[in-house]
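Undergrad: prediction below, plus the sequence it came from.
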Amino acid sequence: ETGVTQTPRHLVMGMTNKKSLKCEQHLGHNAMYWYKQSAKKPLELMFVYSLEERVENNSVPSRFSPECPNSSHLFLHLHTLQPEDSALYLCASSQGLGGADTQYFGPGTRLTVL
Amino acid sequence: GQQVMQIPQYQHVQEGEDFTTYCNSSTTLSNIQWYKQRPGGHPVFLIQLVKSGEVKKQKRLTFQFGEAKKNSSLHITATQTTDVGTYFCAGNAGNMLTFGGGTRLMVKP
């Protein structure tokens, strides 16, 4: 148990649906991350939040919309996705934003877009 | 931007054989971390290396950080079926971790 939980664990959605992924960390960390993991790009950083402020957005399409209401929760809102967005979406947290901080990953949400 | 490359992408070994994965950065790193992801699981932190030329061991795993702090390696001695998974290095340059593409290890019993 890493202290980072994600829901749902599996999600199937159509291209016109709107859904949200949720991540919660119970570690008292200040930084949270969204990663996309697929066969093409094993660990692709999408968004980084530090103390609820977005500090990194790696040119992610606008159909992915992150939200960080507090330092313990992170959401990824999805709308009008494409089949190529099917992947494992991993949330992670770290004590600080520094590159020397260990990242703790959640179990991921397996997303399938039909 | 910073790039972190890992080779090989895949490795099949017979149980008992050794295994090594290599990580190379386009820039000098402040530190490097290694993670393991079991099949169906999520990445889990293994170790961090900070000093030039540093070598750390965890049982059958040996981690090295290059003298120039631009490369690193993970060596597993006498692999076991429990070693299967994908091993990721993550380099820190500019105070942000960048993950390599990972090496997927498969062990034949």
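TA: The structure has been received and is ready for your questions.
Undergrad: up against chain A, what does chain B have?
TA: Residues of chain B found near chain A (Cβ under 8 Å from any Cβ of the partner chain) are B:30-31, B:33, B:35, B:41-45, B:48, B:50, B:86, B:88, B:90-99, B:101-102. (Each C-beta comes from the backbone N, C-alpha and C, glycine too.)
Undergrad: flag the shaky bits of chain B, pLDDT-wise.
TA: Residues of chain B that meet the criterion pLDDT under 70 lie in B:1.
Undergrad: one step back: so of the residues of chain B next to chain A, which ones are in strands?
TA: B:31, B:33, B:35, B:44-45, B:48, B:86, B:88, B:90-93, B:96-99 (DSSP state E).
Undergrad: from those, which is closest to residue A:8?
TA: Within the set of these, residue B:44 lies nearest residue A:8; the separation is 21.5 Å, counting by Cβ to Cβ.
Undergrad: who touches the closest one in this structure?
TA: For residue B:44, the set of contacting residues under the criterion of Cβ atoms under 8 Å, 6 or more residues apart in numbering or on different chains consists of A:2, A:105, B:35, B:36, B:37, B:38.
Undergrad: now those in a markdown table, with neighbour count and distance to residue B:82?
TA: Converted to a markdown table, the contacts of residue B:44 look like this (neighbours: other Cβ atoms under 10 Å in any protein chain shown; distance: Cβ to Cβ, whole Å):
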| residue | neighbour count | distance to residue B:82 |
| --- | --- | --- |
| A:2 | 18 | 19 |
| A:105 | 23 | 20 |
| B:35 | 24 | 16 |
| B:36 | 20 | 11 |
| B:37 | 21 | 14 |
| B:38 | 13 | 9 |
